[in-house]
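Visitor: Pasting the sequence and the predicted model now:
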Amino acid sequence: MNLFSELRDVVLDGLKRLEDEGVLPAGLALDAVTVEPPRDPLHGDMATNAAMVLARPAGANPREIATALAAVLTDDARITSADVAGPGFLNLRLTPEAWQGPVRAALGGGDYGRSKMGENRRVNVEYVSANPTGPLHVGHVRGAVFGDALASLLDFAGYRVTREYYINDGGAQVDVLARSIYLRYLEAHGHEVAFEDGTYPGDYLISVGEALKAKVGDEYLDKEEAYWLAPVRRFATDAMMELIRADLAALGVKMDVFYSEKSLYGTGRIEAALEALDAKGLIYEGVLEPPKGKKPEDWEPREQTLFRSTAHGDDVDRPVRKSDGGWTYFAPDIAYHYDKLTRGFDLLIDVFGADHGGYVKRMKAAVSALSDGVVPLDIKLTQLVKLYKDGQPFKMSKRAGTFVTLRDVVDQVGPDVTRFVMLTRKNDAPLDFDFDKVLEQSKENPVFYVQYAHARISSVRRRAEEAGLDVGAQALIGADLSLAAHESELVVARKLAEWPRLIEIAARTHEPHRIAFYLYELASELHTLWNRGNDDPALRFLQEDQPEVTAAKLALITSVAGVLSAGLGILGVTPATEMR
């Protein structure tokens, strides 16, 4: 159930009644009418903007509409008062019984909060997509966690989600990788080698060079590059993707599809995508203006094959084929997204690092053109992560050679902490990751605070079981929740009621960090209730000789545990049942 949605229906029914009575004109558009928590909880339990958004189209004073609407809303047994505030907002107060529905719904299992807003629409979430040239680094961690949590969130909201990794194995960087591995191969044969600029010196390639030696022996020794480059490329890509898959597994990320860029070349797929654009009159031969900041003498005008991306919102048209006849980097990316469209997705989401910000408009333009504006593409950029330990910036990994790896982070704090912390900021905001602070056992550490709430509830339930009480969901659903209606308990129930609404907002905006924020707030209400029980015995969850009261209180906190578990599941974090 979604109590906010139910009360919005009550408001819409009230507006219809005012239409029937002639107070409002018929046919008003009601899509902008909302029911949500008030900014200040002291003002009420819920607030509606109905009078504010309808005043202009109705040609009426918003306070007059709000006053008339208030009179009809109080006919609903759940609404105790409807008060007009400010220029025309309407604050609603609900009966304690109104909050029992969300508590019971949350006891019904993991489906509480699940939405049908996705309506089985197919969505492709592409994330990580790192070059297969080495282990994943800390920048990839944030994109991996964000993309994976977003995919889980959309699944929870009713979408049919495909998690996808685009293997960038078609570019020159894979040639550089192959040459670097060849140097390690020579090294495995006892040769002295030097890693020149532009090669990858990381120790992670030592074992790959040794594996290549084990596979081919001395076949590639003293051979020209043309002889060994292609097979070593294939070997290198496979080895790096095996390493990347292991890195993702360590973080709890499992992809549905690994899509090779190289599979686009020589198969006609790039040509087919560009032909589709050409058929729409969007491909032409032309000369671009010099890039901004370039002096004319530093720039040579050359005719190229261009995509008219400005017709779909881009700033400039983009080259797809170079003057020498080769494809630009953009051409296979167009073909890749064309392939996604032909697979029948209704929504595409790409998760890029912040350094790809300049790619957003051209990629959106390509998808808009290829789908005739039918299939939206949302590109989410993840900002940089700064690592600290002992008050100092965390140093680079010797194994990687130039950067801190995903494994460095996970080995330090574990996957659960890593994932939760990466979602404590919005994706496009910089994030500081302090290894010491994320392991603190304090309220300031959101990971601990949320896990501790779930562990506390697990502890109470174990004690209840030891006392011979039935703590199963079926037993607790029948509890008399009016026996857990202290204001401190109702605060928890109100927060539980926000969960379905929060899911839909987070899914609509593609913002999984909202889940982490909500879980912290819910945990805070649980801890506050727990602490008040230290001072007021009547608020303690286990009441000796009062099994009915205990059942009601257990129902409330079990519902909290269920929502915490569901939310942590979306984030890819395992709920704690005890704290060490």
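Guide: Okay, I see it.
Visitor: residue ranges for the strands of the stretch 301-450 of the chain, please.
Guide: For the stretch 301-450 of the chain, the strands defined by DSSP state E, counting those that start in this stretch cover 304-307, 318-321, 347-353, 377-382, 385-389, 392-393, 431-434.
Visitor: Generate CSV for the ones you listed, with mean neighbour count, distance to Tyr520 and mean pLDDT as supplementary columns.
Guide: (Each C-beta comes from the backbone N, C-alpha and C, glycine too.) Shown next, in CSV, are the strands of the stretch 301-450 of the chain (neighbours: other CB atoms under 10 Å; distance: least, CB to CB, whole Å; pLDDT from 0 to 100):
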stretch, mean neighbour count, distance to Tyr520, mean pLDDT
strand 304-307, 22, 45, 95
strand 318-321, 22, 43, 95
strand 347-353, 21, 23, 97
strand 377-382, 20, 21, 98
strand 385-389, 16, 20, 92
strand 392-393, 9, 27, 91
strand 431-434, 18, 16, 94
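Visitor: Could you export those strands as JSON lines, including distance to Ala552?
Guide: Putting those into JSON lines (distance: least, CB to CB, whole Å) gives the following:
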{"stretch": "strand 304-307", "distance to Ala552": "64"}
{"stretch": "strand 318-321", "distance to Ala552": "63"}
{"stretch": "strand 347-353", "distance to Ala552": "42"}
{"stretch": "strand 377-382", "distance to Ala552": "42"}
{"stretch": "strand 385-389", "distance to Ala552": "44"}
{"stretch": "strand 392-393", "distance to Ala552": "51"}
{"stretch": "strand 431-434", "distance to Ala552": "41"}
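Visitor: Of all the ones you listed, which one is nearest Asp75?
Guide: strand 347-353 (40.4 Å; CB to CB).
Visitor: and the direction of the closest one versus that of strand 377-382, what angle?
Guide: 20 degrees (axes from the mean of the first three to the mean of the last three CA atoms, to 10 degrees).
Visitor: In the sheet, which strands lie alongside strand 347-353, parallel or antiparallel?
Guide: When pairing is defined by DSSP bridges, strand 347-353 lines up against strand 122-126 (parallel), strand 377-382 (parallel).
Visitor: which stretch among the strands of the stretch 301-450 of the chain comes nearest Gly134?
Guide: That would be strand 347-353 among the strands of the stretch 301-450 of the chain, by CB to CB, at 15.3 Å.
Visitor: Send me that closest one as CSV with only the CA atoms.
Guide: The C-alpha trace of strand 347-353 is given here as CSV (Å, rounded to 0.1, in the frame of the first residue of the first chain):
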residue,chain,number,x,y,z
LEU,A,347,14.6,3.4,-21.6
LEU,A,348,18.4,3.7,-21.8
ILE,A,349,20.6,4.8,-18.9
ASP,A,350,24.4,5.3,-19.3
VAL,A,351,26.5,5.8,-16.2
PHE,A,352,29.7,7.8,-17.2
GLY,A,353,32.6,9.2,-15.2
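Visitor: Name the SS class of the residue lying farthest from the centre of the chain, please.
Guide: What lies farthest from the middle of the chain is Asp222; by CA atoms, centre = their mean that is 49.8 Å. When classified by DSSP: H, G, I helix; E, B strand; the rest coil, Asp222 comes out as coil.
Visitor: which residues touch it?
Guide: Taking CB atoms under 8 Å, 6 or more residues apart in numbering, we find Asp222 in contact with no residue.
Visitor: quick one on the thing from earlier: distance to Arg302 added to the strands paired with strand 347-353, as a markdown table?
Guide: Below are the strands paired with strand 347-353 laid out as a markdown table (distance: least, CB to CB, whole Å):
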| stretch | distance to Arg302 |
| --- | --- |
| strand 122-126 | 32 |
| strand 377-382 | 29 |
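Visitor: distance of the residue nearest in space to the middle of the chain from Gly190?
Guide: The C-alpha lying nearest the average C-alpha coordinate of the chain belongs to Leu150 (CA atoms, centre = their mean; 2.6 Å). Separation of Leu150 from Gly190 (CB to CB, to the nearest Å): 49 Å.
Visitor: Likewise for Tyr449?
Guide: Distance from Tyr449 to Gly190, by CB to CB: 55 Å.
Visitor: So for those two, which residue has more residues nearby?
Guide: Tyr449 (19 against 6; other CB atoms under 10 Å).
Visitor: pLDDT wise, what is that one at?
Guide: On pLDDT, Tyr449 comes in at 96.
Visitor: residue contacts, it?
Guide: Ser442, Lys443, Tyr520, Ala523, Ser524, His527.
Visitor: do the same with Leu431
Guide: Arg142, Gln383, Leu384, Val385, Lys386, Val421, Met422, Thr424, Arg425.
Visitor: which non-adjacent residue is nearest the third one?
Guide: Closest residue to Leu384 apart from its sequence neighbours, by CB to CB, 6 or more residues apart in numbering: Pro430 at 5.7 Å.
Visitor: Now do the same contact list for the one you found.
Guide: Gln383, Leu384, Val385, Lys386.
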